[in-house]
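**Student:** here is my input; please provide its structure:
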Amino acid sequence: MSVKDVLDKTKDLMAKSVEHCQSQIAKVRTGRATASLIDGVTFEYYGAQTPVAQAASISVPDARTIIVQPFDRTTLTDIEKSIRQADLGFNPQNDGTIIRIPVPPLTEERRKEYVKLCKKFAEDGKVAVRNVRRDQIDTLKKLEKSKECSEDDRKRGEDEIQKLTDNYIKDIDTFLVKKEKELMDN
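**Tutor:** Next up, the predicted model:
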């Protein structure tokens, strides 16, 4: 294993940590209806937990409504029940063919809770990035100890890993600021 291999692995792991963090933050609702608001909702379908998105067509006709149209009408009540139980703050309405989900506007208090939640996700993402940094620097030290790289190579590798860490943490901060603005401006 070379220093370049360690750097490549570091980039890959840090990018995955940032992607996960951003996907967590992106799921937090902003008061505007989007299909992703019910992404995590599953229901029992033929004995297996099935995501609603796999068993229904989901559309957003306006900024305050999500429409769920199951491919199999017999699942209507199960889907409606699972959306209610998901504790998303929605009150779905079943008209026999589709489920309408009115998305209520966010209260100031709820917005602040969501901002706090986003900050927690961002902090978790930064911790993950820092853990990758620590592990990869340890790997570089082991390479130096086993004479697979020189001290200078290790130091250059550590500097490079620190630059990557700083960049990925900046990406998380930028994404968080954008989401906070989105939450507080709606």
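**Student:** and the helix or strand encompassing residue 183, what does it pack onto?
**Tutor:** Element membership for residue 183, per DSSP states H and E: helix 151-185. Using 3 or more CB pairs under 8 Å, 6 or more residues apart in numbering; DSSP states H and E, the elements in contact with helix 151-185 are helix 3-26, helix 108-145. (Glycine included, C-beta is placed from N, CA and C.)
**Student:** quick one: that helix to helix 3-26, angle?
**Tutor:** For helix 151-185 against helix 3-26, the angle by axes from the mean of the first three to the mean of the last three CA atoms, to 10 degrees is 10 degrees.
**Student:** pLDDT on helix 151-185, on average?
**Tutor:** Mean per-residue pLDDT for helix 151-185: 93.
**Student:** and that helix with helix 108-145, angle?
**Tutor:** Going by the same axes, to 10 degrees, helix 151-185 makes 170 degrees with helix 108-145.
**Student:** what does stretch 100-117 contact?
**Tutor:** 28-33, 37-38, 63-68, 83, 89-93, 180, 183-184, 186 (CB atoms under 8 Å, 6 or more residues apart in numbering).
**Student:** quick one on the thing from earlier: what residues of the helix holding residue 183 count as buried?
**Tutor:** 153-154, 157-158, 160-161, 164-165, 168-169, 171-172, 175-176, 179-180, 183 (16 or more other CB atoms under 10 Å).
**Student:** can I see the domain layout of this structure?
**Tutor:** Using automatic domain parsing, the domain parsing of the chain gives 3-27+107-185, 35-102.
**Student:** where does the residue sitting furthest away from the middle of the chain fall, phi/psi-wise?
**Tutor:** Distance from the centre of the chain peaks at residue 147, with 40.3 Å (CA atoms, centre = their mean). Recorded main-chain torsions at residue 147 are phi 60, psi 20, according to degrees, to the nearest 10.
**Student:** so what's residue 54 up against?
**Tutor:** Per CB under 8 Å, 6+ apart, neighbours of residue 54: none.
**Student:** and it, how close does it get to residue 38?
**Tutor:** Taking CB to CB, to the nearest Å as the measure, residue 54 falls 12 Å from residue 38.
**Student:** residue 167 too?
**Tutor:** Taking CB to CB, one finds residue 167 at 33 Å from residue 38.
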